[in-house]
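Novice: Build me a model from this:
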Amino acid sequence: MAVDDRVWVVSHGASSTSASHRLCLIDGQRKQMTHSHGAAPGADLDQLNQPRSLTVDSFGHVWVADCCNNRIKLLGVDLDNPAELLNADDKLSYPTCLCLNENDGLLYIGQRSGKILVFKVLEEL
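Specialist: Numbers count the residues shown, from 1 in each chain. Predicted coordinates for the structure are as follows:
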């Protein structure tokens, strides 16, 4: 997923046996610039547990489907300032894919069960 012309975001940890549960910024020469949320899976705000999907909005914010934590997280352009946007209290159950339609202000979340949840994004982030 492109953040801009020179930086890419890569999601790791798509299986329970994977050693990495993090996001990385990669430069144009495929060198890791920084990573977010460490390599160990966990439920703290600064950890991920099987990030399955991500999308980047027009402001450069990174939206992450944190599958095994049943939440959607929002990160800044430099993968900083993590915030939990949605969680199991919002009926999330193993989110596996994300699609953000900024024109309509809608966030589509696919779940492992096959259900798709749709949320209205109420304000600019």
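Novice: Low-confidence stretches in this protein?
Specialist: 1-20, 32, 34-39, 124-125 (pLDDT under 70).
Novice: quick one, helices of it?
Specialist: Using DSSP state H, no helices are found in the chain.
Novice: quick one, strands of it?
Specialist: Assigned by DSSP state E, the chain shows strands spanning 8-11, 23-26, 32-36, 51-56, 62-66, 71-75, 83-86, 95-101, 106-111, 116-120.
Novice: Out of those, indicate the one that is most buried.
Specialist: Burial of the strands of the chain is given as mean neighbour count (mean count of other C-beta atoms under 10 Å); strand 62-66 ranks first at a mean of 26. No exception for glycine: its C-beta is placed from N, CA and C like everyone else's.
Novice: Restrict that one to CA atoms and write it as PDB.
Specialist: Provided in PDB are the C-alpha atoms of strand 62-66 (Å, rounded to 0.1, in the frame of the first residue of the first chain):
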ATOM      1  CA  VAL A  62      -2.800   4.100   8.100                       C
ATOM      2  CA  TRP A  63      -5.900   2.100   9.000                       C
ATOM      3  CA  VAL A  64      -5.200  -1.500  10.200                       C
ATOM      4  CA  ALA A  65      -7.400  -4.500  10.600                       C
ATOM      5  CA  ASP A  66      -5.900  -6.000  13.800                       C
END
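Novice: tell me what that strand is packed against?
Specialist: strand 51-56, strand 71-75, strand 95-101 (3 or more C-beta pairs under 8 Å, 6 or more residues apart in numbering; DSSP states H and E).
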